[in-house]
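> Predicted model and sequence below, questions to follow.
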Amino acid sequence: MATPKVNKSNETLVTTWYLDYQGPALNPVTWPTGVQLVEAEIVCPELNQFFFRTVGGPWRWYSRLNWSYQQWRTYLEQQQVRTWLLWNKGTPAGYIELVKHQDNSVEIMFFGLLPQFVGQGLGKKLAQQAVYLANAWQATKVWLHTCSADHPAALHNYQKVGFVITNSQEALEQLPTIDDKQLLTENFVYSSLAFHAKSAG
């Protein structure tokens, strides 16, 4: 995968690839002993925000760092968003977030592993199960996007599973650095406290 190019204004030229799944039909994954994938059927903004921040942090996922508690809640209360949590011996290890669009295509919006579970053979299984779950949701097509700022092996791994690039684009983005205050997600923390304080009366 190409290394993102940085210009003088501290913006990074990021390539985004859009991929459709064109591989064979997949069966449900068989997980190792102690590992299970469970759908989170109750809306919980703290949960999805935690996984977005923790799974995406090392790869500078930034699109939702400034979301408030209410933004997460509104997004998750849509009937067309579903989340599955991967557990390893009772410890959260990763997640899948699917979104069904108006054309009945299903986008694998986010998925991945917490850092300590990378390199244990779970990533490929999680990707395969995401495709299976999307198709089981009566998808007209299954698709996702990745970019040059993500995990260096992300694009290649998606292609190995059966995804094919259908489009790409380049844009200058201001990606967070390791000491960026965005990573503290202050807006979410404070708005969450305010929401629950108000709810408690």
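Sure thing, it's come through. Please read these numbers as outputs of a predicted model, since none were measured by experiment. Numbers count the residues shown, from 1 in each chain.

> Against Gln128, how distant is Trp67?
Trp67 is 29 Å from Gln128, where distance means Cβ to Cβ, to the nearest Å. The C-beta positions use only the backbone N, C-alpha and C, and glycine is treated the same way.

> just Glu107 next, same as before
Counting by Cβ to Cβ, the gap from Glu107 to Gln128 is 17 Å.

> Report the secondary structure element holding the residue nearest in space to the middle of the chain.
Compute the mean C-alpha point of the chain, and by Cα atoms, centre = their mean the closest residue is Phe110, 1.7 Å away. Assessed by DSSP states H and E, Phe110 sits inside strand 106-113.

> distance between that strand and the chain's centre?
4 Å (Cα atoms, centre = their mean, to the nearest Å).

> which helices and strands sit right next to that strand?
Helices and strands touching strand 106-113, by 3 or more Cβ pairs under 8 Å, 6 or more residues apart in numbering; DSSP states H and E, are helix 45-56, strand 91-100, helix 122-136, strand 142-147.

> Check what contacts the shortest one and list those residues.
For strand 142-147, the external contacting residues (Cβ atoms under 8 Å, 6 or more residues apart in numbering) are 14-21, 105-109, 131, 134-135, 154-155, 158, 163, 166.

> swap the cut-off to 6 Å and go again
Outside strand 142-147, the residues within contact range by Cβ atoms under 6 Å, 6 or more residues apart in numbering are 14, 16-21, 106-108, 131, 134, 154-155.

> repeat for the third one
Among residues not part of helix 122-136, those counted as contacts by Cβ under 6 Å, 6+ apart are 21, 26, 28-29, 94, 96, 98, 106, 108, 111, 113, 142, 161.

> next one: the second one
Outside of strand 91-100, the residues that reach it under the criterion Cβ under 6 Å, 6+ apart are 51, 80-86, 106-107, 109-114, 117, 126, 130, 134.

> so which helix or strand takes in His151?
Assigned by DSSP H and E, His151 belongs to no helix or strand.

> How confident is the prediction for it, by pLDDT?
In this model, His151 is scored at 83, pLDDT.

> and the closest residue to it other than its chain neighbours, what pLDDT?
Distances taken as Cβ to Cβ, 6 or more residues apart in numbering place Trp59 nearest to His151, at 5.5 Å, with adjacent residues excluded. Each residue has a pLDDT score; the one for Trp59 is 87.

> can you count the residues close to Trp59?
16 (other Cβ atoms under 10 Å).
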